[in-house]
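Colleague: Pasted the sequence and its predicted model underneath.
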Amino acid sequence: MVQQRIPLANFLDQIDTKTAKILLLTIARGVISNIKEGILSPTDSQRLIFNLDVLLYCEKVKDKPIYNLIAHGMELVDIEQLVSDPNAVTNACINIERTINRILKKRQRLS
């Protein structure tokens with residue numbers, strides 16, 4: 001569906017870090033939801049958000065929870081290709097959703 005990787009990390013560099021982190025969590029949540037619904041594939045998600053450029057951005061802004069979230073999302077393509085269980089990607093998406101919700105709840109308490 002998505003034909004080329006979108007340079008999200010370049011955009012994130014142009015906005016303030018707090019907004020960028022919220023945007024990453026929002027995009028990740030939407031992408032994961034769309035994978036579960038069959039609208040996007042793990043490959044699409046990699047082109048959109050779960051890629052090395054975004055991972056390096058998270059490292060640069062020193063956000064370990066979002067870094068780990070992006071790293072986990074990057075594994076979706078491998079899970080799809082290597083795991084024989086047809087529910088493996090969905091199960092991984094459910095775990096990623098839980099992680100997103102945990103991060104958001106923690107940030108709400110801190111703000």
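Modeller: Right, received. Where do you want to start?

Colleague: Give the ranges of residues in the protein that sit below the confidence cut-off.
Modeller: Residues of the chain that meet the criterion pLDDT under 70 lie in 1-6, 111.

Colleague: In it, where's the longest helix?
Modeller: Longest helix in the chain by number of residues (criterion: DSSP state H): helix 88-110.

Colleague: and it, which residues are buried?
Modeller: Residues of helix 88-110 classed as buried by neighbour count (16 or more other C-beta atoms under 10 Å): Val89, Ala92, Cys93, Ile96, Thr99, Ile100, Ile103. For glycine as for every other residue, the C-beta is placed from the backbone atoms N, C-alpha and C.

Colleague: check contacts around the closest residue to the fifth one other than its chain neighbours.
Modeller: Across the structure, with C-beta to C-beta, 6 or more residues apart in numbering as the measure, the residue nearest Thr99 apart from its sequence neighbours is Leu69 (5.3 Å). Contact analysis of Leu69 by C-beta atoms under 8 Å, 6 or more residues apart in numbering lists Leu25, Ala28, Ile96, Thr99, Ile100, Ile103.

Colleague: How about Ala20?
Modeller: For Ala20, the residues meeting the contact criterion (C-beta under 8 Å, 6+ apart) are Leu12, Tyr57, Val61.

Colleague: how about 10 Å then?
Modeller: Contact criterion C-beta atoms under 10 Å, 6 or more residues apart in numbering gives Leu8, Ala9, Phe11, Leu12, Asp13, Gln14, Tyr57, Cys58, Val61, Asp63, Ile66 as the residues in contact with Ala20.

Colleague: any idea how far Gln81 lies from Cys58?
Modeller: Look at Gln81 and Cys58: by C-beta to C-beta, to the nearest Å, they are 24 Å apart.

Colleague: Compare those two (neighbour count), which wins?
Modeller: When neighbours are counted by other C-beta atoms under 10 Å, Cys58 comes out ahead of the other of Gln81 and Cys58, with 22 against 10.
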